[in-house]
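S.K.: got a structure for you, letters missing:
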């Protein structure tokens, strides 16, 4: 079984973002900027994000309350990608099959992989790849590993580093670039 890996370059992120539209693009942007699990993303309603600076959810997996701020990228995506006539109680990632139900996890997986193929990336993506991308880029920008442990509800630094895909080439780069 393949383990989900983060996107490791802004080029890959932008290529996939450009290959997505509407609801699917919004999902991608919110996922890589929040680090939420797919189960928590799919439960969001339009009113949870429209005109908001932060969101409070109860994580489905852990049952814990979680608050996170919406950054500029997410706010801009919400303004441009959420239909103006969407009601606050509408699913944010509404299925096209009718009703007020979110798209399925399987459909999210399909849409991400179709976008990766259109973007010319020879790799498989999963919704979990997007959660890991959030952690990978936060870590690379200097976010302390203990803070990421808290965000992901991990019990050890080692688990978090492995989770976000810090690999030997990242470790080797430290030795190459330090040059004291």
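M.R.: In hand now; what should we look at? Predicted model, so just to flag it, every value in this text is computed and none were measured.
S.K.: only C-alpha atoms for contact and neighbour calcs from this point on.
M.R.: OK.
S.K.: Which of the helices or strands spans the residue positioned nearest the centre of the chain?
M.R.: Geometric centre of the chain, nearest residue: residue 31, 2.2 Å, by CA atoms, centre = their mean. Residue 31 belongs to helix 22-34 when assigned by DSSP states H and E.
S.K.: Kindly report the same for residue 55.
M.R.: With DSSP H and E as criterion, residue 55 is part of strand 54-58.
S.K.: Buried residues of the helix or strand hosting residue 148, list them for me.
M.R.: Secondary structure from DSSP H and E places residue 148 in helix 145-152. Residues of helix 145-152 classed as buried by neighbour count (16 or more other CA atoms under 10 Å): 145, 148, 149, 151, 152.
S.K.: Run the angle between that helix and helix 22-34 for me.
M.R.: 140 degrees (axes from the mean of the first three to the mean of the last three CA atoms, to 10 degrees).
S.K.: Name the next helix or strand downstream of helix 145-152, please.
M.R.: helix 157-163.
S.K.: circling back: setting aside sequence neighbours, what's the nearest residue to the residue nearest to the centre of the chain?
M.R.: Spatial nearest neighbour of residue 31, excluding adjacent residues (CA to CA, 6 or more residues apart in numbering): residue 130 at 5.8 Å.
S.K.: outside of stretch 21-29, which residues touch it?
M.R.: Residues from elsewhere that reach stretch 21-29, judged by CA atoms under 8 Å, 6 or more residues apart in numbering: 17, 41, 73-74, 77-78, 81-82, 92-94, 108, 111, 130.
S.K.: filter the residues you listed to the buried ones?
M.R.: 17, 41, 74, 77-78, 81-82, 92-94, 108, 111, 130.
S.K.: So which of those residues are in helices?
M.R.: Applying DSSP state H to the buried ones among the contacts of stretch 21-29, the entries found in helices are 17, 41, 74, 77, 78, 81, 108, 111, 130.
S.K.: What is the helix or strand that contains residue 113 packed up against?
M.R.: Assigned by DSSP H and E, residue 113 belongs to helix 105-118. Contacts defined by 3 or more CA pairs under 8 Å, 6 or more residues apart in numbering; DSSP states H and E place helix 105-118 against helix 10-19, helix 127-140.
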